[in-house]
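[1] Turn this into a structure:
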Amino acid sequence: LTPSNLVFLMDVSGSMSAQNKLPLAKQAMRLLVEQLRPEDRVAIVVYAGAAGLVLPSTPGTDKPAILRAIDRMEAGGSTAGGAGIQLAYQTAREHFIDGGNNRVILTTDGDFNVGVSSDGGLTQLIEEKRKTGIFLSVLGFGMGNYKDNKLELLADKGNGNYAYIDNLEEAKKVFVEELPGTLYTIAKDVKIQLEFNPGVVRTYRLVGYENRLLNTEDFADDAKDAGEMGAGHTVTALYELEVAPAQAAQSSLRYQEPGLTRVARKGQELGFLQLRYKLPAEEESRLLSVVIENHVARFSKASNDFQFAAAVAAFGIQLRNSPFNKKLDFPEIRRLAEEAIGSNPDGDRKEFLELVGRAERLVGE
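    Okay, here's the model as predicted:
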């Protein structure tokens, strides 16, 4: 992995005083310090009523100095994140590593409610800075006032990722187990276009991702911002399909081409998948494409990973009281997940089962 130039932008306003906010963020940072290499650098900027540089950019060889700076942070005052973000980006620019991982990491409960201009002003600043090679990752802490949509928007505009940390185990996952994915963007503006063969699929529905949808013409537009992928991360998209009758009409992009009608009629293809992405330092996208063959399998024969993903999707649908709910209640969802727990009995899948159990109990109260 390339050397990292990291600037932590820490919300130390009064709203961060709860144990699951700034104190937890400090614990999480200590975990990260243990992972630092000599070639890495860390700086800490804090903001509340005013912004300040608590730790100048410090090499990973001086871990005691970094830990002392973490220990000094205390919560208090109102939230004014604008000046803090400016100082964080300035610090990152002053210690920019060519070809390295230059990143501001914002830790907050999302309560930008004092002294900051509109969300549009913040996102514009973040977009401008990402073009200079300084990306933004966002970590949300606490509950109640946590503003998930705002933090996700900021991370998206900064070509970074965001995570929600509510306990020490989650902090270990973000800063130890999945550290490369947290800190290193390996592909930016990732776009997927999936076209189903109307000779096989009558209707389809993408499960989730409503806030990620693009217009058809945006796929080939390299100026259109899209999502980022961290090292080691995977993305799963589930579609619900209704099989087409034998004589379905042909009306599609790939499948209306004369040379492909025979393939469409025979139903040898389920669909056509295209993927565009940019390398972090590039502005021209690369294109990958693959034909999806029409192989249908029973759900019981699917992999544990697929079955577990389906259980997670069903849980989300149930929580939202979606009209697309297929009458899978919490006990049935829990059963599906338990049967697909596979080789991860004590990790994320166990945590998911605990969430389902919590939802069951809340419904029963």
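[2] which residues touch the residue nearest to the spatial centre of the chain?
    By C-alpha atoms, centre = their mean, the mean C-alpha position of the chain lies nearest to residue 161, the distance being 4.8 Å. With contacts defined as C-beta atoms under 8 Å, 6 or more residues apart in numbering, the neighbours of residue 161 are 137-138, 155, 181-182, 185, 228, 230, 233. (C-beta placed from N, C-alpha, C; glycine too.)
[3] And for residue 17?
    Under the criterion of C-beta under 8 Å, 6+ apart, the neighbours of residue 17 are 75-76.
[4] 6 Å instead?
    The neighbourhood of residue 17, defined by C-beta atoms under 6 Å, 6 or more residues apart in numbering, consists of residue 75.
[5] Equivalent analysis for residue 12, please.
    46, 48, 73, 75.
[6] So which residues of the stretch 101-250 of the chain form strands?
    For the stretch 101-250 of the chain, the strands defined by DSSP state E, counting those that start in this stretch occupy 101-108, 135-141, 162-165, 185-196, 201-206, 227-230, 239-243.
[7] Who are the packing partners of the first one?
    Strand 101-108 is packed against strand 4-11, helix 81-94, strand 135-141, with contacts defined by 3 or more C-beta pairs under 6 Å, 6 or more residues apart in numbering; DSSP states H and E.
[8] Among these, which comes closest to residue 66?
    Distance to residue 66, taken as C-beta to C-beta, is lowest for strand 4-11 among those, at 9.7 Å.
[9] just checking, what packs against that closest one?
    With contacts defined as 3+ C-beta pairs under 6 Å, 6+ apart, the packing partners of strand 4-11 are strand 41-47, helix 81-94, strand 101-108.
[10] got the buried residues for the first one?
    So that's strand 41-47. Of the residues in strand 41-47, 41-47 count as buried by neighbour count, 16 or more other C-beta atoms under 10 Å.
[11] got it, and stretch 123-143?
    Within stretch 123-143, judged by 16+ other C-beta under 10 Å, the buried ones are 123, 125-126, 129-130, 133-142.
[12] Using CSV, write out every CA atom in it.
    Coordinates of each C-alpha in stretch 123-143 appear next as CSV, following Å, rounded to 0.1, in the frame of the first residue of the first chain:
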residue,chain,number,x,y,z
THR,A,123,-19.9,19.9,-1.0
GLN,A,124,-18.5,22.4,-3.6
LEU,A,125,-15.4,22.8,-1.4
ILE,A,126,-15.0,19.0,-1.1
GLU,A,127,-15.5,18.5,-4.8
GLU,A,128,-12.8,21.1,-5.6
LYS,A,129,-10.3,19.5,-3.2
ARG,A,130,-10.8,16.0,-4.5
LYS,A,131,-9.7,17.2,-8.0
THR,A,132,-6.4,18.1,-6.4
GLY,A,133,-5.9,14.5,-5.2
ILE,A,134,-7.1,15.0,-1.6
PHE,A,135,-10.0,12.7,-0.8
LEU,A,136,-12.4,12.7,2.1
SER,A,137,-13.6,9.8,4.3
VAL,A,138,-16.3,10.4,6.9
LEU,A,139,-16.9,8.5,10.1
GLY,A,140,-20.2,8.9,12.0
PHE,A,141,-20.4,8.4,15.7
GLY,A,142,-23.3,8.3,18.2
MET,A,143,-27.0,8.1,17.7
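[13] so where's the stretch 51-200 of the chain uncertain?
    Across the stretch 51-200 of the chain, the stretches falling below the confidence threshold (pLDDT under 70) are 51, 77-82, 111-119, 143-147.
[14] go with 80
    Within the stretch 51-200 of the chain, the stretches falling below the threshold (pLDDT under 80) are 51, 76-83, 110-122, 143-150.
[15] any chance you could map the helices in this structure?
    Read by DSSP state H, the chain holds these helices, from start to end of the chain: 22-35, 63-72, 81-94, 119-130, 148-157, 168-172, 179-183, 261-266, 304-319, 330-339, 348-364.
[16] between the last one and helix 304-319, how many degrees?
    Same thing as helix 348-364. Relative orientation of helix 348-364 versus helix 304-319 (axes from the mean of the first three to the mean of the last three C-alpha atoms, to 10 degrees): 30 degrees.
[17] Could you tell me the angle between helix 348-364 and helix 330-339?
    Using the same axes, to 10 degrees, helix 348-364 lies at 170 degrees relative to helix 330-339.
[18] Can you give me the buried ones in helix 348-364?
    Buried-residue list, helix 348-364, by 16+ other C-beta under 10 Å: 349, 352-353, 356, 359.
[19] pLDDT and distance to residue 201 added to these, as JSON lines?
    Compiled in JSON lines, the buried residues of helix 348-364 are given as follows (pLDDT from 0 to 100; distance: C-beta to C-beta, whole Å):
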{"residue": "349", "pLDDT": "87", "distance to residue 201": "30"}
{"residue": "352", "pLDDT": "91", "distance to residue 201": "29"}
{"residue": "353", "pLDDT": "92", "distance to residue 201": "33"}
{"residue": "356", "pLDDT": "92", "distance to residue 201": "30"}
{"residue": "359", "pLDDT": "89", "distance to residue 201": "32"}
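[20] from those, which is closest to residue 213?
    Sorting the buried residues of helix 348-364 by how near they are to residue 213, with C-beta to C-beta, puts residue 352 at the top with 25.4 Å.
[21] Great, nothing more from me.
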